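Enquirer: Sequence plus predicted model, see below.
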Amino acid sequence: MLDVRGSLENLAWNTEHHFLHIKAGHPFIRIWAVQFELGYSDFRTIQMALQLAEKMDLLKRFATAYNEVYNYEYAFVKGDIEGFNETYGDKIDDYMTAHKELLAIIEEIKTFQPAIDPTEKNLI
């Protein structure tokens, strides 16, 4: 499988921190939008790696989990915390479940990644 460790780490970080940001009721900030867009690029990179590795069942589960989280995050990007609460305010537990599912699948994908070479010095 292609080495996509960087994309996996980035998407996991975004998923966790965006959930915590929304759960805490914080307002939208510009960096959040940048992270949201970069997260989509990371998703597509991971998706491509899974396709090339012919891991279609894992790809389907990953894409489904990502899309669930994406919907929650998009509501926040589109309408700030008020817009999120209007759409999903009573579904924070569902969002928590969705974000945990995505993080678990990311961990599963990591098991197919090449071993870390200590001489790499974070090149990937």
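Expert: Noted; the coordinates are in hand.

Enquirer: Please report how far the nearest residue to Asn10 once chain neighbours are set aside lies from Gly25.
Expert: With sequence-adjacent residues excluded and distances taken as CB to CB, 6 or more residues apart in numbering, Asn10 is closest to Asp42, at 4.9 Å. From N, CA and C alone the C-beta is placed, and that goes for glycine too. The gap separating Asp42 from Gly25 is 26 Å, by CB to CB, to the nearest Å.

Enquirer: which one of these two has more residues nearby?
Expert: Asp42 (23 against 9; other CB atoms under 10 Å).

Enquirer: mind listing what the more buried one touches?
Expert: Ser7, Leu8, Asn10, Leu11, Asn14 (CB atoms under 8 Å, 6 or more residues apart in numbering).

Enquirer: show me where pLDDT drops low in this structure?
Expert: 121-124 (pLDDT under 70).

Enquirer: what's the longest helix in it?
Expert: The helix spanning the most residues in the chain, taking DSSP state H as the definition, is helix 56-88.

Enquirer: Could you list the buried residues of it?
Expert: 58-59, 61-63, 65-66, 68-70, 72-73, 75-77, 81, 83-85, 87-88 (16 or more other CB atoms under 10 Å).

Enquirer: other SSEs contacting that helix?
Expert: Where contact means 3 or more CB pairs under 8 Å, 6 or more residues apart in numbering; DSSP states H and E, helix 56-88 is packed against helix 5-23, helix 30-52, helix 92-110.

Enquirer: Tell me which of those sits nearest to Ile116.
Expert: helix 5-23 (7.7 Å; CB to CB).

Enquirer: outside of the closest one, which residues touch it?
Expert: Contacts of helix 5-23 (CB under 8 Å, 6+ apart): 32, 35-36, 38-39, 41-43, 45-46, 66, 69, 72-73, 76, 81, 84, 92, 95-96, 99, 102-103, 106-107, 109-110, 113, 116, 124.

Enquirer: Would you show me how to pick out the buried ones of these in PyMOL?
Expert: Only the buried entries of these go into this PyMOL selection, using 16+ other CB under 10 Å:
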select buried, resi 32+35+36+39+42+43+45+46+66+69+72+73+76+81+84+95+99+102+103+106+109
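
Enquirer: Thanks a lot, catch you later.
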